[in-house]
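[1] From the sequence below, what's the structure:
(2 chains)
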Amino acid sequence: MTDSGLSTSNLVIGYSDSQPLHEPFNFRVTPGETLAILGPSGCGKSTLLATIAGITPVLSGDIFINGARVNELPIHKRNIGLVFQDPLLFPHLSLIDNIAYGLRAHKVSRDRARVRATELLEWVGLAHVRNNRTWELSGGQAGRVALARAVAPKPEVLLFDEPFSALDSTTRIRLATEIAGLVRSQEIPAIHVTHDEQEAELVATQMMRM
Amino acid sequence: MTRERGALGNHAPVFVRHAWIAPLVFFSIFLLYPLLVLIRTAISADTLTALVNSGPWSIALLSTGQSLASVGLSLIIGIPIAGVLARYQFKGRALVLALMTVPFVLPTVVVALAFKSILGELLAPGLILVILAHAYINVAVVVRIVGAQWSALDPRHINVAQTLGANPFRVFRTLTLPNLKASILSSACIVFVFSFTSLGVVVILGDGSSTRTLEQSILRQTSVLLDFPGALASALIQLVIVTGALILAAKMRGATITLTHTHRTKVRGMRRSAWVYSIVILSALIVLTPLAGLVIGSFTSTQGMDFSSWVGVINAQDRFAGLGSPRAAVALTISLALITALIASAIGGLAAIAVMGRRTFIAAIALIPLGLSAATIGLGTLLAFGRPPIDLRSSGFLIPIAHALVAIPLVVAVASPALRTADSRRFFVASSLGASPARAWWTAYGTLLRTVMIAAGGLAGAVSLGEFGAASFLARADSPTVPVQIAKLLARPGDQAYTTAAVLSTILVVMTLALMLFIDRFSAQGRITVS
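    I've put the predicted structure just below:
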């Protein structure tokens, strides 16, 4: 399908029309591909992801997901998986309920959602800590749960905003490899923002510097 | 950054290590001894009879119903305002937040009179007026406690939930509300305590039956019926219920998220702007309408515009037999507030220093007055020091001491956390540079302590300005404090008494707000949270 994946057309980002953060973006990420975006702090990398996710409004231009223009679509209808630098797990929910959250929002029954969440917890190698509270996890473990939560509702696009910058290099490399494998196997288009060249090379099928 | 805080152990200078002595002596003489005298005077077989009697229990039950309704209304009004102030950054936000705090710091008799001014002709004295006034006073508690928790919630959590497919209502129900639950319950418990122990509002706006509180009962039993065993029974029941609610509030408070930084976004979009600004306008109207009614009432009589009450107060005319002149009441109230501020900041400050040195039992004693009613404190003080062999009534110190007891829990609550924010490593740096323990301690804590004490003293002064329960026992009939004089004036018939009460209330509002602005200035300098 020619329109599949994520694409932008003359997309201008920023917080006011008079001060765009960057030249207009024109890129396309097909399913199974990862676009790694490198750049210094404050150059607008995170704002680009926030704009694609619908958190920050588009100044001008268009965003397409699988051929559909999503500029005006509210965040909760875009079907995007978003992983921030902080895992941002919901502290009042168990690990299983964190992962099942998106499935429940998509009207999957509680039982089925929990079964699927348990499978995903096993997939990220954390079945042994399933009864832990969110604050009892290490940084790497919390990052994996955030990843499992993001992919649980089968998103059409995955966005990673410096997801590993708080982790040690060994964990970072391992998780980056796992994510690259996931994106390929699930055929999801992904954008991966980082300032770490090594990490970018591990995950990227295409690269952009800002 | 990990910061070593708290006790300096044996490194602390002598005066810090022994800071607990002065508060302990003060509390022993002025709190524990009067309580013992009160219990000894009142306890008898009649106390037990009064405890098993249905009278105080049925008042407690009525009062619980009234308090729960006040809690419900405070939450309904307070939660949307807390949400708007916590989540959005907009011009005038700080002003709206300050405005929302105003009703809470106003003397309760003033609020009651303000409600009488605007709703007195529409609603007869009774439950509805009392609940409305309680909600008006306590919305600030909900806005402050729930708002602090709300602004600590990371909006990225909401973004994550939305990207997972949750619509705004689902996000509120499954994410925001569960994370606010502890703060909502905590604020509900505190509003319950304030409504349950209400006196000024129920005296002025109540109907004497459906709105009665145990506090009002204690006042009536001791000053009208002279039924001391009955009053002790009422005080004991109130103590148990209030302590239970305060423990629950503290437990809930412990379950809230610690505020590390606040997250606010600009108001964007038509619908959101309409929601935010309509809440802001409504909040301002809610706060200002009763106050406007009060000010207008101070120069309006049945004949129209009438400034005679203002002239009477300014010229110190003594127009009400047996009540003293209003101007003298204002002067007395200011001087009592100043003495209260000095006593409370000194004793409360030393208690906070002692708590910092892990003498936490001082904090526990300092908190006792929170569970007692102000009327009980007033009565105990009167029995212990208002008659031979120790008669301090003419010394003028009884009211400030009782007011200080009421204010010290607030002083400790403000000063302790503020002092804990000081970095104790500065003490060791100063010591290593050759400073004596006292000098090193002052280097590490002195500036903050000075700021904290001035702000806490101001807070104690504000408490004293509006305090009604203890003063109604301790003030002499011919020289009452302003809140007591307002209540007495309202009990008299005629326009003149009413407008004079409104003039005094307006003066009290101005004094209280001036004091709060002063505290706010110092709090901002010392990064202190005053509510």
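[2] use CA for all of it now, contacts and neighbours both
    Noted.
[3] Would you map the strands across the stretch 101-250 of chain B?
    Counting by DSSP state E, counting those that start in this stretch, the stretch 101-250 of chain B has no strands to list.
[4] Get me the contact residues on it for chain A.
    B:156-157, B:159-167, B:170, B:175, B:178-179 (C-alpha under 8 Å from any C-alpha of the partner chain).
[5] Provide the backbone phi and psi angles at residue A:207.
    Backbone geometry at residue A:207, expressed as degrees, to the nearest 10, gives phi -130, psi 150.
[6] Now do the helix or strand harbouring residue A:208: which elements does it pack against?
    Element membership for residue A:208 (DSSP states H and E) is strand A:206-209. Using 3 or more C-alpha pairs under 8 Å, 6 or more residues apart in numbering or on different chains; DSSP states H and E as the contact test, the elements touching strand A:206-209 are strand A:34-38.
[7] what mean pLDDT does the strand it packs on have?
    Strand A:34-38 comes out with an average pLDDT of 92.
[8] what ranges do the strands span in chain A?
    A:6-12, A:28-29, A:34-38, A:60-65, A:68-69, A:80-83, A:157-161, A:190-194, A:206-209 (DSSP state E).
[9] Tell me which strands the second one pairs with, and in which orientation.
    Strand A:28-29 has its sheet partners listed here by DSSP bridges as strand A:6-12 (antiparallel).
[10] what does the fourth one give?
    Paired neighbours of strand A:60-65 in the sheet (DSSP bridges): strand A:6-12 (antiparallel), strand A:68-69 (antiparallel).
[11] Adding distance to residue B:484, mean pLDDT and mean neighbour count, write these out as TSV.
    Shown next, in TSV, are these (distance: least, C-alpha to C-alpha, whole Å; pLDDT from 0 to 100; neighbours: other C-alpha atoms under 10 Å in any protein chain shown):
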stretch	distance to residue B:484	mean pLDDT	mean neighbour count
strand A:6-12	66	92	20
strand A:68-69	69	94	13
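[12] what's the spacing between residue B:132 and residue B:467?
    Residue B:132 is 20 Å from residue B:467, where distance means C-alpha to C-alpha, to the nearest Å.
[13] Over to residue A:204?
    Separation of residue A:204 from residue B:467 (C-alpha to C-alpha): 69 Å.
[14] Those two: which has the busier surroundings?
    Using other C-alpha atoms under 10 Å in any protein chain shown as the criterion, residue A:204 and residue B:467 rank with residue B:467 on top: 28 against 19.
[15] Quick check: the more buried one touching residue B:403?
    Yes - under the criterion of C-alpha atoms under 8 Å, residue B:467 makes contact with residue B:403 at 7.3 Å.
[16] Mind putting the strands paired with strand A:60-65 into CSV with distance to residue A:197?
    Shown next, in CSV, are the strands paired with strand A:60-65 (distance: least, C-alpha to C-alpha, whole Å):
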stretch, distance to residue A:197
strand A:6-12, 23
strand A:68-69, 32
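[17] looking at those, which is closest to residue A:121?
    Across these, residue A:121 has its closest neighbour in strand A:6-12 (27.3 Å, C-alpha to C-alpha).
[18] contacting residues around the closest one?
    Under the contact criterion C-alpha atoms under 8 Å, 6 or more residues apart in numbering or on different chains, strand A:6-12 has outside partners A:20-30, A:58-67, A:157, A:189.
[19] what's the angle from the lengthiest helix in chain A to strand A:157-161?
    Counting residues, the longest helix found in chain A (DSSP state H) is helix A:169-186. Angle between the axes of helix A:169-186 and strand A:157-161 is 170 degrees (criterion: axes from the mean of the first three to the mean of the last three C-alpha atoms, to 10 degrees).
[20] Which positions within helix A:169-186 qualify as buried?
    By neighbour count on 16 or more other C-alpha atoms under 10 Å in any protein chain shown, the buried set for helix A:169-186 is A:172-173, A:175-176, A:178-180, A:183-184.
[21] Against chain B, which of the residues you listed make the cut? List them.
    Counting by C-alpha under 8 Å from any C-alpha, no member of the buried residues of helix A:169-186 is near chain B.
[22] which one among the residues you listed gets closest to chain B?
    Closest approach to chain B among the buried residues of helix A:169-186 (C-alpha to the nearest C-alpha): residue A:183, at 17.5 Å.
[23] list the contacts for the closest residue to that closest one other than its chain neighbours?
    Closest residue to residue A:183 apart from its sequence neighbours, by C-alpha to C-alpha, 6 or more residues apart in numbering or on different chains: residue A:32 at 5.2 Å. Neighbour list for residue A:32: A:183-190 [criterion: C-alpha under 8 Å, 6+ apart].
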